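Colleague: My questions are about this predicted structure, shown below with the sequence.
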Amino acid sequence: MKKEIYLLFVILFFVWRSEAQQDPQFTQYMYSDLLINPGVAGSAGICATGLFRQQWAGFNEVIIDTVTGKEKKFSTSPQEILLTLHAPIKILHGGLGLSIYQDRYGYQNDIAAKLAYSFKFNISGGSLGIGIAGDFLSRTIRDGFNPRNPDDPAIPQSGKSDFFVDLSFGAFYINPDKWYAGVSATHLLTGEGANTHQSTKRHVYLYGGYSFPLPFNPNWTLKPSAMFKTDLTTVQFDLTAVAEWNKIVWGGLSWRIAGLDAVAIIMGAKPFINSSSAIRGLEVGVAYDITTSHLGYNHKRSFGSPEIMIKYCFNIIPTTSSYGYKGTRLLGNKPIEY
């Protein structure tokens, strides 16, 4: 009976992710915003970011190996891998960005690339980026999906795949070391795959954050942030509060409201920020989600969702020398002048 209940949950989750919010989800969303907002491209020097998330660790299904005929564990828990790179391009009066990700959930596997361009304006001591991105998505039903009614045309079949071409649009403003805000829409070209029978749905994001030193101790900075996202059917809020010490280490909490709720612990550091070497632009961070919904308490299968982040930013400073470049320096959140 427990196995049937669990299998039902997996199928329901698969349908929920396929028909509702589909973009990869990260607790450290302040580091993944290029994926959802092309206006971010070129906003803070040359930056490369990697994120890995294993959601609901411990969710596995036992299936029969088609080669050996033996039982084996098949992971159905969501897993997201994201790599982003963006840089200012002065000749284009803006920035270019590239996002590549894999999003595996249930029996569905998405691999996608996004190429973004952002046009920049200098406004009120900060930088405003208006961006557009072309999205290229490959969606596949993983081997091992064996529905009870394989002849039902509405149920996707194992090994089937579709390719989607899509567009994203967004605006992003950052005032260095003070505040930032973004608004964006993804999957502007909605459609349904002929083979997987899975559709893409438009998503809208609104997010922002603020930084202010604590009055009783200026070495500490409080950084609250929030993200609102919807697919015009469901709604989700992420509320985060992080305390940072001397721009070196930080820690805080995040709360995800609506849908599959969770409380997360966030920690990170810029271990070489006071170094004069090029690696002073390195940041590392971790997050761990604790499921607060019935998923964690009743089923006892979710052991939380660990997440790892690594980011590196630098700026190439041109010189009058014929050798081309003088060196590198960390930009942090300082915008490029256009």
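Modeller: Good, I have the coordinates.

Colleague: which ones are touching residue 161?
Modeller: Shown in contact with residue 161 (Cβ atoms under 8 Å, 6 or more residues apart in numbering): 138-141, 195-196. No exception for glycine: its C-beta is placed from N, CA and C like everyone else's.

Colleague: Bridged to it, which residues?
Modeller: Beta-bridge partners for residue 161, by DSSP bridges, are residue 140.

Colleague: Just the pLDDT for it.
Modeller: On the pLDDT scale, residue 161 is placed at 81.

Colleague: Next: residue 266.
Modeller: For residue 266, the model assigns a pLDDT of 98.

Colleague: pretty sure it is in contact with residue 289, am I right?
Modeller: No. Counting by Cβ atoms under 8 Å, residue 266 does not reach residue 289; the two are 9.9 Å apart.

Colleague: Compare those two (neighbour count), which wins?
Modeller: Counted by other Cβ atoms under 10 Å, residue 266 and residue 289 do not tie: residue 289 has more neighbours, with 26 against 22.

Colleague: Can you get me a residue count around residue 279?
Modeller: Neighbours around residue 279, by other Cβ under 10 Å: 13.

Colleague: and it, how far is that from residue 43?
Modeller: Distance, residue 279 to residue 43, by Cβ to Cβ, to the nearest Å: 21 Å.

Colleague: For whatever helix or strand residue 266 lives in, buried residues please.
Modeller: Secondary structure assignment for residue 266, by DSSP states H and E: strand 262-269. Neighbour-count burial for strand 262-269 flags 262, 264, 266, 268-269 (criterion: 16 or more other Cβ atoms under 10 Å).

Colleague: Now do the helices in this protein.
Modeller: 2-19, 33-36, 294-297 (DSSP state H).

Colleague: averaging pLDDT over each of those helices, which comes out lowest?
Modeller: helix 2-19 (a mean of 41).

Colleague: just to revisit the earlier point, now could you export just the CA positions of the strand holding residue 266 as PDB?
Modeller: The C-alpha coordinates for strand 262-269 follow below in PDB (Å, rounded to 0.1, in the frame of the first residue of the first chain):
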ATOM      1  CA  ALA A 262      10.200  24.900   3.200                       C
ATOM      2  CA  VAL A 263      12.500  26.800   5.600                       C
ATOM      3  CA  ALA A 264      16.100  27.100   4.500                       C
ATOM      4  CA  ILE A 265      19.400  27.800   6.100                       C
ATOM      5  CA  ILE A 266      21.900  29.900   4.000                       C
ATOM      6  CA  MET A 267      25.600  30.400   4.600                       C
ATOM      7  CA  GLY A 268      28.400  31.700   2.400                       C
ATOM      8  CA  ALA A 269      31.800  33.500   2.300                       C
END
